[in-house]
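K.L.:
sequence plus predicted model, see below.
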Amino acid sequence: MQRAHYATKAVIGDASRLKIGVVVSQFNNDITDSMLAGALATLQAWKVAKRNITVVHVPGSFEIPLGCVMALRKKKIDALVALGCVLKGETKHDEYISSSVSHALQRLMLTYKVPIGFGIITPNNLTQAKARSRGKANKGIEATVAALQMALM
């Protein structure tokens with residue numbers, strides 16, 4: 001039986017046979033830990049067995065694409081979820097990181113033919129980051145739902 005997910009308009013499916021990798025940045029972990037919790041709760045709601053979930057912690061968002069490759073090479077993964085937070089600063093550093101990571105993840109999806117839920121937020125400040133990483137607006141949840149929907153297509 002399918003029911004509406006509390007955080008999105010998506011319908012919860014049965015993903016019990018899927019193997020999922022979650023790659024999460026440790027930088028800004030006060031934000032990314034909340035996103036990871038949302039992602040794991042979503043995987044549980046979609047019936048993904050704990051033994052079928054691989055969580056890879058990487059130092060920062062720039063390392064997320066390589067973390068995805070490591071997860072893909074280590075196990076047979078049906079979908080990945082990439083979680084990170086790149087806060088805007090006084091320089092354009094955030095733009096370079098965000099652009100590089102998003103392009104790398106897109107290339108990985110097309111090369112490996114494995115969906116990657118994009119949960120890397122790029123807020124202007126900590127207040128926006130908190131708003132996008134908690135409660136119903138948790139981007140970890142949204143990225144996980146997207147990855148699961150693509151994997152079940």
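P.N.:
Yep, that arrived.

K.L.:
now do the buried residues in the helix or strand containing Q44.
P.N.:
Using DSSP states H and E, Q44 maps to helix 29-45. For helix 29-45, a neighbour-count test (16 or more other Cβ atoms under 10 Å) marks I31, T32, S34, M35, L36, G38, A39, L40, A41, T42, L43, A45 as buried. The C-beta positions use only the backbone N, C-alpha and C, and glycine is treated the same way.

K.L.:
looking at the residues you listed, spot the one nearest T91.
P.N.:
I31 (20.0 Å; Cβ to Cβ).

K.L.:
could you check how far the residue located most distally from the centre of the chain is from N29?
P.N.:
Relative to the centre of the chain, and counting by Cα atoms, centre = their mean, the farthest-placed residue is E90 at 26.2 Å. Distance of E90 to N29, given as Cβ to Cβ, to the nearest Å: 22 Å.

K.L.:
any idea of the mean pLDDT in the helix holding Q44?
P.N.:
Across helix 29-45, pLDDT averages out at 96.

K.L.:
and that helix, how far from the chain's centre?
P.N.:
9 Å (Cα atoms, centre = their mean, to the nearest Å).

K.L.:
stretch 57-68 too?
P.N.:
With Cα atoms, centre = their mean, you get 11 Å for stretch 57-68.

K.L.:
and if you look at stretch 68-77?
P.N.:
How far stretch 68-77 lies from its chain's middle: 15 Å, per Cα atoms, centre = their mean.

K.L.:
where does pLDDT dip in the protein?
P.N.:
For the chain, the stretches with pLDDT under 70 are 1-11.

K.L.:
tell me where it has strands.
P.N.:
20-25, 53-58, 79-85, 116-121 (DSSP state E).
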